[in-house]
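Chemist: coords below, sequence missing:
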């Protein structure tokens, strides 16, 4: 079975540019989570969806961050404009009812 | 709010040594508890879980027991291998389910096993 698929695996871009991270959850899973991992702050939940609807976005750092889930098989996390302090590894995870979260391999983002 | 406190790393052990990674939690109600493992360059993988007091989760030789009286969920393994080198995260879910709700993670403990 295919796991959670994230793209790109690595992204290097200059400050001020728009960044879009993509996630394809496991088929049949109705929960989707976006996390950010840094050395300083560890693993932080940014936002999560249930049945494509955002349930809790309290972890989204500021208005520069936005996330969408237009359908059950695709989600995006967008940063506009990007800043060096956004550099981190971003993980997407999905889960089904009564199932634990399955994580993707992450996108390593570097903002120069 | 809910929180998880893990033992500070990094932890370095020789192969076949006994491993304990401490984890304590603060939560209202009756959380479910989890250990996740992250190998280099990969996402987190569920290692084991326990959903109620006195439950023992186990997988790949690792064990952890949900202790409500001490609010702890310590991870143990009797004989570690080089392949166990990874970062280990303790986590809790504020629901009664298996982590498909919001998870609160500890800071992670990096484990290195020396041959």
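Modeler: Nice, I can see it. Worth saying up front: this structure is predicted, and the values here are computed from it rather than measured. Numbering: from 1, shown residues only, chains lettered A, B, ... in the order given.
Chemist: For the rest of this, base every contact and every neighbour count on C-alpha atoms.
Modeler: Fine.
Chemist: Now do residue A:68: how many residues are near it, please.
Modeler: Residues near residue A:68, counting by other CA atoms under 10 Å in any protein chain shown, number 16.
Chemist: Now it. Its backbone dihedrals?
Modeler: Note on residue A:68: backbone dihedrals following degrees, to the nearest 10 are phi -140, psi 160.
Chemist: And for the one 3 residues further on?
Modeler: Dihedral pair for residue A:71: phi -150, psi 180, per degrees, to the nearest 10.
Chemist: which residues does it bridge with?
Modeler: Beta-bridge pairing of residue A:71 under DSSP bridges involves residue A:74.
Chemist: Look up how far chain B lies from it.
Modeler: Per CA to the nearest CA, to the nearest Å, residue A:71 is found 18 Å from chain B.
Chemist: For residue A:18, which residues are in contact?
Modeler: Residues counted as contacts of residue A:18 (CA atoms under 8 Å, 6 or more residues apart in numbering or on different chains) are A:78, A:79, A:80, A:81, A:82.
Chemist: Give me the residue at the spatial middle of chain B.
Modeler: Centroid-nearest residue in chain B, with CA atoms, centre = their mean: residue B:35, separated by 3.1 Å.
Chemist: Relative to the helix or strand encompassing it, what are the paired strands and their orientations?
Modeler: Residue B:35 is part of strand B:32-38 when elements are defined by DSSP states H and E. Next to strand B:32-38 in the sheet, as set by DSSP bridges, lie strand B:44-50 (antiparallel), strand B:86-93 (antiparallel).
Chemist: quick one: buried residues of it?
Modeler: For strand B:32-38, the neighbour count (16 or more other CA atoms under 10 Å in any protein chain shown) marks B:32, B:33, B:34, B:35, B:36, B:37, B:38 as buried.
Chemist: Paired strands for the worst-scoring helix or strand of chain B on mean pLDDT, with orientation please.
Modeler: Every helix and strand in chain B was compared by mean pLDDT, DSSP states H and E; the lowest is strand B:103-105, with a mean of 88. When pairing is defined by DSSP bridges, strand B:103-105 lines up against strand B:86-93 (antiparallel).
Chemist: Buried residues of the partner strand, list them for me.
Modeler: Residues B:86, B:87, B:88, B:89, B:90, B:91, B:92, B:93 are the ones in strand B:86-93 that count as buried (16+ other CA under 10 Å).
Chemist: Excluding residues flanking it in the chain, which one is nearest the fifth one?
Modeler: Counting by CA to CA, 6 or more residues apart in numbering or on different chains, residue B:35 is the residue found nearest to residue B:90 once chain neighbours are left out, at 4.6 Å.
Chemist: The one you found touches residue B:49, doesn't it?
Modeler: Yes. Residue B:35 lies in contact with residue B:49 (CA atoms under 8 Å); the separation is 6.4 Å.
Chemist: Look up how far chain B lies from residue A:41.
Modeler: Separation of residue A:41 from chain B (CA to the nearest CA): 8 Å.
Chemist: Which residues does whichever strand or helix holds residue A:66 contact?
Modeler: Using DSSP H and E, the element containing residue A:66 is strand A:65-71. Contacts to strand A:65-71, defined as CA under 8 Å, 6+ apart, come from residues A:47, A:49, A:52, A:53, A:60, A:75, A:76, A:77, A:78, A:79, A:80.
Chemist: so what's the backbone phi/psi at the third one?
Modeler: Meaning residue A:52. Dihedral angles (degrees, to the nearest 10) for residue A:52: phi 70, psi 0.
Chemist: Okay then, goodbye and thanks.
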